[in-house]
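> dropping a prediction and its sequence here:
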Amino acid sequence: MSMEREGGSLTIIDAIERALERGALAALITIVQAERAVGRKLLVQEEGATAGDLGDEMLNRAAIAQAEIFLRSRVEAQTFKVEEFAPEIIAWRGARLLFERIAPEPHVVVCGAGHVGAALARLARSIGYRVTVIDDRADFVSREKFPDPDIALVAAEDWEQAISETIGTGRGVFAAIVTRGHKEDEKCLRAVLKARPDYVGMIGSRRRTNIVLRRLHAEGFDEAVLREVRAPIGLDIGAVTPEEVALSILAEMIAERRGGTGAPLSSWRRAANKGWIARSRRPQMK
């Protein structure tokens, strides 16, 4: 475990900047309620490196262990009382710590600038996501088609090189493969899987996507990695138009990022309280 102190070789701000530059995931822990040390911070990176100090080694170790659990939950921010995760630390009983998720800006990489790809790019950008569109047809990734200057455009002479340079470490990246044919899909998926982004989805029928996945498996791609590919891409909302398909894809990306299920929020009510409205309307006996 690497512990760097404030005022030492690496400050909290430095550590956060470096983590984001590398596409790393981290938890920032702040003491927000206690009899002492309020405001002290500790940054815990996913791979175990730390910066800062909460002022107590036992508390540091317990907070680091809790940070691992917190990061797996995908929650953006959450407060915990110390006794909730470290009841053995009597001296800090009643103190409250804020855990905040530090992650790269979500980056939607759209491979294919056809009708669905264009709709997805515009929709993802409209909710604030960073967006890059890649296509091997230069006229499809022109500013005439994408006038929004915040949508990055890449004309790929080589799919693998363009995708590799765009995706980088893969952290925070949501890759949607929506090209014009299964040959292009296969080239893109091969390049995308090497970078292991947080989300990989490929458009097409079950038959078409299975053909591509089987070929990659025959080439040596691990079955567990291929199983994570969302193919066919998107949630089942009965989408028909390109815009509807784009919405189904973006909804699945958000569910993956936030840890959602994609199930109707009202399903519990309809399952558990069937007939409750009818019962509530019955006249009361006097």
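Right, received. Where do you want to start?

> list the residues that contact Gln78.
Gln78 is in contact with 70, 98-99, counting by CB atoms under 8 Å, 6 or more residues apart in numbering. (Glycine included, C-beta is placed from N, CA and C.)

> that one: helix or strand, and which one exactly?
strand 77-81 (DSSP states H and E).

> name every strand pairing with that strand and say which way it goes.
With DSSP bridges as the test, strand 77-81 is paired with strand 96-102 (antiparallel).

> for the record, mean pLDDT for the partner strand?
Strand 96-102 shows a mean pLDDT of 96 in the predicted model.

> can you list the buried residues in it?
96-97, 99-102 (16 or more other CB atoms under 10 Å).

> now swap in stretch 26-36 and tell me
26-31, 34.

> would you turn those residues into a markdown table with distance to Trp268?
Shown next, in a markdown table, are the buried residues of stretch 26-36 (distance: CB to CB, whole Å):
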| residue | distance to Trp268 |
| --- | --- |
| Ala26 | 34 |
| Ala27 | 30 |
| Leu28 | 33 |
| Ile29 | 33 |
| Thr30 | 34 |
| Ile31 | 36 |
| Ala34 | 37 |
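
> now the helices for this protein?
Ranges of helices in the chain, per DSSP state H, are 12-21, 57-73, 82-85, 115-126, 159-167, 182-195, 206-219, 223-227, 242-258, 267-272, 276-280.

> for Asp135, which of these is the nearest?
Distance to Asp135, taken as CB to CB, is lowest for helix 115-126 among the helices of the chain, at 7.4 Å.

> now do the closest one: which elements does it pack against?
Helix 115-126 sits against strand 107-111, strand 130-135, strand 151-155, helix 242-258, with contacts defined as 3 or more CB pairs under 8 Å, 6 or more residues apart in numbering; DSSP states H and E.

> next one: that helix to chain centre, how far?
18 Å (CA atoms, centre = their mean, to the nearest Å).

> equivalent analysis for stretch 228-241, please.
From the chain centre to the centre of stretch 228-241 is a distance of 17 Å (CA atoms, centre = their mean).

> pLDDT score for the closest residue to Arg96 other than its chain neighbours?
Computed as CB to CB, 6 or more residues apart in numbering, the closest residue to Arg96 that is not its neighbour in sequence is Gln33, at 3.8 Å. The model reports Gln33 with a pLDDT of 96.

> roughly how far does Gln33 sit from Ala251?
Remark: distance between Gln33 and Ala251 (CB to CB, to the nearest Å) = 37 Å.

> quick one, the strand holding Gln78 and helix 57-73 angle?
Angle, strand 77-81 to helix 57-73, by axes from the mean of the first three to the mean of the last three CA atoms, to 10 degrees: 140 degrees.

> pLDDT of strand 77-81, averaged?
Rounded mean pLDDT across strand 77-81 is 96.

> do stretch 59-69 as well
Averaging pLDDT along stretch 59-69 gives 96.
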